[in-house]
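Undergrad: here is my input; please provide its structure:
(chains A, B, C and D)
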Protein chains: 4
Amino acid sequence: MKIPYIINFEEWRAGFEFYYPVKVRFSETDLFGHLNNTVPFIYFEQARIEFLKHLGFMQTWLDPSNESIPVVANLQCDFLKQVFFDQELRVYVKAESVGNSSVDIHYLGTDADGQSVFCGRGTMVQMTKATGKGKPWTDEQKDLFLHPAVKIDG
Amino acid sequence: MKIPYIINFEEWRAGFEFYYPVKVRFSETDLFGHLNNTVPFIYFEQARIEFLKHLGFMQTWLDPSNESIPVVANLQCDFLKQVFFDQELRVYVKAESVGNSSVDIHYLGTDADGQSVFCGRGTMVQMTKATGKGKPWTDEQKDLFLHPAVKIDG
Amino acid sequence: MKIPYIINFEEWRAGFEFYYPVKVRFSETDLFGHLNNTVPFIYFEQARIEFLKHLGFMQTWLDPSNESIPVVANLQCDFLKQVFFDQELRVYVKAESVGNSSVDIHYLGTDADGQSVFCGRGTMVQMTKATGKGKPWTDEQKDLFLHPAVKIDG
Amino acid sequence: MKIPYIINFEEWRAGFEFYYPVKVRFSETDLFGHLNNTVPFIYFEQARIEFLKHLGFMQTWLDPSNESIPVVANLQCDFLKQVFFDQELRVYVKAESVGNSSVDIHYLGTDADGQSVFCGRGTMVQMTKATGKGKPWTDEQKDLFLHPAVKIDG
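TA: The predicted structure follows:
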């Protein structure tokens, strides 16, 4: 297992606190009997949005009168263990690093035994709707990403 | 096979002309190895929209400045034959009857051998955005639904 | 609101006890800003499976060595109220009536205020894998469908 | 635009020949009005499978008596341009490099004007079902990946 965005897996894993619970739907399996490999990205989105709501970002972005929206610039997932119908997973989320108007969000899916089943990351950018350009974070926002008030259960 | 919205299946089937072709995606199968039963509704939507574009309705509804949008009031599907990964289907669509501001749209899915694999129907209403009430069809629109210029391939 | 499978809405609604909670995902909305109309069928499947697990049916059907599987013969949904991103819904399920080898399963989605947002039904058949024919329920199974031990939360 | 798996975008892009056409479904949009960012992974899967069928691999893997199946080890996507409802896209696929029992598959989505709208990659491994270990490619298979007989339309 060599994952380009993780230097030390145990340290990386220890950095997560926030998670959102999901249960694998029947419609999310495929004829090989596993969770279809496109579905973790749906879980990532759901967990990311819960994380952003928890931090207070999402409420602003969903307001149509607001001038900026979050844009996902890239996404990736590494599949570590097969996942099956009806498994209860935790999808952990954290901001790994914060740029000028972007944030590198990392993800970890774990099963009921705490085993890592998939992990991933993606860059999200705060974009000004009118110009299509990045809108810089305030210092307060940067700080929020890196030091979220912990809430264990999504 | 007793389908409440079909009196004579052969006659009913003969009334279709417009269809949209789909191919069953791997991600649309489930662990029982079949097309998951939620997916025909996605095919219905796709075929309905192509039908509405063909009739010239969709272009207006997608224009944000337009005062009305189509609203699906109900949907139903009867599963006649198991469908598998990679099958090429035709999803036929027709307006079965037209009300004041609604239309009863019927659907038929057929496989490569022309066998019927699923059928369905649903009421669609033209709604005025501002009031949430039905917006009556013009006579021209009613006529269009019941006598579409035929285009065999979606 | 005229729904063919419901005679008295209030009585019908009072017959539900079991429900499964869902939260509308971002990926389940569409460009009209609502829950896409194909998604309640995914919720129905999830709630139905939880109900069948609760009754003890599902465990048998998921065992590959078992001779029978559940097959959905038809499904329908009536959309009563627009549903939006992030809404928390309850999807109620009950067996409305039981046939020889089939069961008529009814569904009701409610929002946080207890308002009905969609309802539906579908026939499910217990099928013998080898023959593709219906496998009759035992009297005990019929009784179970109509008098489930109540569990409020899915 | 800095994409870690692409050194020279124009050269990289010129290496594609096989593509599969897709049209953006209404149900694949989200409330921001764009193609939801989880959907390109569905397109990747569909295009990859068509590519593998074209090469003759898929037929073997779908045979239940066969001892090996393809497993997706990781997937990633870079979103280059917003994609909207009803756009007709081409999803190009190629094998960028071949390992012992794995292959690095690259993807490119283009719009009707030939503009690149998303790109991606993922490692796929040929796994022996019984052991869960990688099953090496034959030399013939490796050659096939890197020099597919061209077929322009999927």
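
Undergrad: distance check, the closest residue to A:L144 other than its chain neighbours against A:K135.
TA: Distances taken as Cβ to Cβ, 6 or more residues apart in numbering or on different chains put A:L55 closest to A:L144, at 5.3 Å, once the chain neighbours are dropped. In short, each C-beta sits where N, CA and C put it, glycine included. Per Cβ to Cβ, to the nearest Å, A:L55 is found 16 Å from A:K135.

Undergrad: A:R48 is in what secondary structure piece?
TA: helix A:39-55 (DSSP states H and E).

Undergrad: hmm, who's touching the helix or strand following that helix?
TA: Per DSSP H and E, the first helix or strand lying C-terminal to helix A:39-55 is helix A:58-62. Residues from elsewhere that reach helix A:58-62 (Cβ atoms under 8 Å, 6 or more residues apart in numbering or on different chains): A:I49, A:L52, A:K53, A:N66, A:S68, A:I69, A:P70, C:F85.

Undergrad: now do the same contact list for the spatially most central residue of chain A.
TA: Nearest to the geometric centre of chain A sits A:R48, at 4.0 Å (Cα atoms, centre = their mean). Each residue near A:R48 by Cβ under 8 Å, 6+ apart is listed here: A:V93, A:I105, A:Y107, A:G122, A:M124.

Undergrad: wait, a strand at the last one?
TA: Right, the one you point to is A:M124. Yes. Assessed by DSSP: H, G, I helix; E, B strand; the rest coil, A:M124 belongs to a strand.

Undergrad: against A:E88, how distant is it?
TA: Distance, A:M124 to A:E88, using Cβ to Cβ: 27 Å.

Undergrad: who has more neighbours out of these two?
TA: Higher neighbour count among A:M124 and A:E88: A:M124, with 21 against 11, using other Cβ atoms under 10 Å in any protein chain shown.

Undergrad: for the more buried one, give the beta-bridge partners.
TA: A:M124 has the following beta-bridge partners by DSSP bridges: A:V72, A:V103.

Undergrad: for chain A, which residues are neighbours of chain B?
TA: Residues of chain A lying near chain B by Cβ under 8 Å from any Cβ of the partner chain: A:F26, A:S27, A:T29, A:D30, A:L31, A:G33, A:N36, A:T38, A:F85.

Undergrad: contact partners for the residue lying farthest from the centre of chain A?
TA: Farthest-out residue of chain A from its mean C-alpha position, per Cα atoms, centre = their mean: A:L31, at 26.8 Å. For A:L31, the contact set (Cβ under 8 Å, 6+ apart) comprises B:F26, B:T29, B:D30, B:L31, B:G33, B:F85.

Undergrad: so is it in a helix, a strand, or just coil?
TA: coil.

Undergrad: per-residue pLDDT, it?
TA: What the model reports for A:L31 is a pLDDT of 91.

Undergrad: and what of A:T123?
TA: So A:T123 comes in at 97 (pLDDT).

Undergrad: burial of the nearest residue to A:G15 once chain neighbours are set aside, as a residue count?
TA: Take A:G15 and drop its neighbours on the chain: the residue closest to it by Cβ to Cβ, 6+ apart is A:K94, 5.7 Å away. Using other Cβ under 10 Å, A:K94 has 20 other residues around it.

Undergrad: wait, doesn't A:K94 sit right on A:V103?
TA: No. Applying Cβ atoms under 8 Å, one finds A:K94 not in contact with A:V103, separated by 10.2 Å.

Undergrad: any buried residues in the lowest-mean-pLDDT helix or strand in chain A, and which?
TA: Least confident helix or strand of chain A, by mean pLDDT, DSSP states H and E, is helix A:58-62 with a mean of 83. Of the residues in helix A:58-62, A:M58, A:W61, A:L62 count as buried by neighbour count, 16 or more other Cβ atoms under 10 Å in any protein chain shown.

Undergrad: the helix holding A:R48: how far from the chain's middle?
TA: Centre-to-centre, helix A:39-55 and its host chain are 5 Å apart (Cα atoms, centre = their mean, to the nearest Å).

Undergrad: dump that helix to PDB, keeping only the CA atoms.
TA: Extracted C-alpha coordinates of helix A:39-55, given in PDB (Å, rounded to 0.1, in the frame of the first residue of the first chain):
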ATOM      1  CA  VAL A  39     -19.800   5.400  -4.300                       C
ATOM      2  CA  PRO A  40     -17.100   6.400  -1.800                       C
ATOM      3  CA  PHE A  41     -17.000   9.700  -3.700                       C
ATOM      4  CA  ILE A  42     -20.700  10.200  -2.800                       C
ATOM      5  CA  TYR A  43     -19.800   9.400   0.800                       C
ATOM      6  CA  PHE A  44     -16.900  11.900   0.600                       C
ATOM      7  CA  GLU A  45     -19.200  14.600  -0.500                       C
ATOM      8  CA  GLN A  46     -21.700  13.900   2.200                       C
ATOM      9  CA  ALA A  47     -19.100  13.800   4.900                       C
ATOM     10  CA  ARG A  48     -17.300  16.900   3.500                       C
ATOM     11  CA  ILE A  49     -20.600  18.900   3.500                       C
ATOM     12  CA  GLU A  50     -21.300  17.800   7.100                       C
ATOM     13  CA  PHE A  51     -17.800  18.900   8.100                       C
ATOM     14  CA  LEU A  52     -18.300  22.300   6.300                       C
ATOM     15  CA  LYS A  53     -21.700  22.700   8.000                       C
ATOM     16  CA  HIS A  54     -20.000  21.900  11.300                       C
ATOM     17  CA  LEU A  55     -17.400  24.600  10.700                       C
END
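
Undergrad: tell me the angle it makes with helix D:39-55.
TA: 170 degrees (axes from the mean of the first three to the mean of the last three Cα atoms, to 10 degrees).

Undergrad: quick one, phi/psi of whatever residue of chain A ends up closest to chain D?
TA: Checking chain A residue by residue against chain D with Cβ to the nearest Cβ singles out A:Q76 as nearest, at 3.3 Å. Backbone torsions of A:Q76, given as degrees, to the nearest 10, read phi -150, psi 160.
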